[in-house]
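> The amino acid sequence is not available; the structure is as follows:
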């Protein structure tokens, strides 16, 4: 019995040894199976990935080559010229007489503006004043009219939109075009060959239908500019004598012609002083700080001259 037990024990140990041997033989397969489950890719997937990376690298190299080729073919960037360099020869020659970093007195600026006028005709002397206002605010939308003591130097064509007794008064005052029908015919044909249009308050409703035509050209009569009035004769005489209207643009600048280059310096100064005085009178009460920010003089086609503001603010 003891021997039988020993034999059985030996057989059991032998079987265990065989199983252990078999297990060690199968171990690589188990490891392989475990590796696959751990997320390792197959040889096919690795090959595809390598091919994809090689393809991307070829694309990148191709793009770089295209960029290099385009850079070789590209023309050099054009040199940007300043505004002064893009001007005409006469303008550039005139600008050489002006020191852009300097502020000139009004007397000096007038003389320099006349000297640097490059035009052959009798150019207009223009005044440009930047104000410390916001035109979007109703109380800061500066507007007014002033009669220049020495006149504008222009021969204005005055039209009077009047009827009845005012027709004869307008003619005596010097109006060039008088009557409602005659002016309406000109407007209908687009023949706006007049510089100022004066009308009576009673006829403004009738003239309102032409606002889209007259408004953009600055010809629509307005009470603030003195062109809508019951005293038509006075308005015509003032316009003939050199009455002009000034108004700030959207950037807060007043642009106005104040005479001709052929004017004497004293007359130009009188006109400019009158305009500046009128603008100063129109200063809104809510403005803080300096009212005048900058001022320039120029001829119609000439360079600008900066004027000192010490006497204005």
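All right, it came through fine. These numbers were taken from a predicted model, which means no experiment stands behind them.
> ok, now which ones touch residue 306?
100, 102-104, 109, 294-296 (Cβ atoms under 8 Å, 6 or more residues apart in numbering). C-beta: built from backbone N, CA, C; applies to glycine.
> how about 6 Å then?
Applying Cβ atoms under 6 Å, 6 or more residues apart in numbering, we find residue 306 in contact with 103, 296.
> Strands along the chain, start to end?
Counting by DSSP state E, the chain has strands at residues 124-131, 143-147, 158-161, 177-178, 196-199, 243-247, 253-260, 292-299, 305-306.
> What is the third one packed up against?
Pointing back at strand 158-161 there. Packing partners of strand 158-161 (3 or more Cβ pairs under 6 Å, 6 or more residues apart in numbering; DSSP states H and E): helix 180-189, strand 196-199, helix 232-241.
> Parallel or antiparallel, which strands does it pair with?
Partner strands for strand 158-161, per DSSP bridges, with pairing direction: strand 177-178 (parallel), strand 196-199 (parallel).
> picking that back up, can you say which of the strands of the chain is nearest to residue 73?
strand 292-299 (45.4 Å; Cβ to Cβ).
> for that closest one, packing partners?
Secondary-structure packing of strand 292-299 (3+ Cβ pairs under 6 Å, 6+ apart): helix 106-115, strand 124-131.
> helices or strands up against the last one?
Packing contacts for strand 124-131, counted by 3+ Cβ pairs under 6 Å, 6+ apart, involve strand 253-260, strand 292-299.
> do you know how far the residue most central in space within the chain is from residue 225?
Within the chain, the residue whose C-alpha comes closest to the C-alpha centroid is residue 251; the distance, by Cα atoms, centre = their mean, is 9.4 Å. In this structure, residue 251 and residue 225 are 21 Å apart, going by Cβ to Cβ, to the nearest Å.
> ditto for residue 56
Note on residue 56: its distance to residue 225, by Cβ to Cβ, is 73 Å.
> Can you pick out the residue with more neighbours from those two?
residue 225 (22 against 10; other Cβ atoms under 10 Å).
> Test my guess that the more buried one contacts residue 145.
Yes - contact criterion Cβ atoms under 6 Å: residue 225 and residue 145 qualify, at 5.2 Å.
> now the helices and strands packed on strand 124-131 in JSON lines, with mean neighbour count, mean pLDDT and distance to residue 275?
JSON lines is the format used below for those (neighbours: other Cβ atoms under 10 Å; pLDDT from 0 to 100; distance: least, Cβ to Cβ, whole Å):
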{"stretch": "strand 253-260", "mean neighbour count": "21", "mean pLDDT": "94", "distance to residue 275": "6"}
{"stretch": "strand 292-299", "mean neighbour count": "20", "mean pLDDT": "94", "distance to residue 275": "11"}
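> any chance of these in JSON lines, with distance to residue 165 too?
Putting those into JSON lines (distance: least, Cβ to Cβ, whole Å) gives the following:
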{"stretch": "strand 253-260", "distance to residue 165": "34"}
{"stretch": "strand 292-299", "distance to residue 165": "44"}
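> Out of those strands, which gets nearest to residue 276?
strand 292-299 (8.1 Å).
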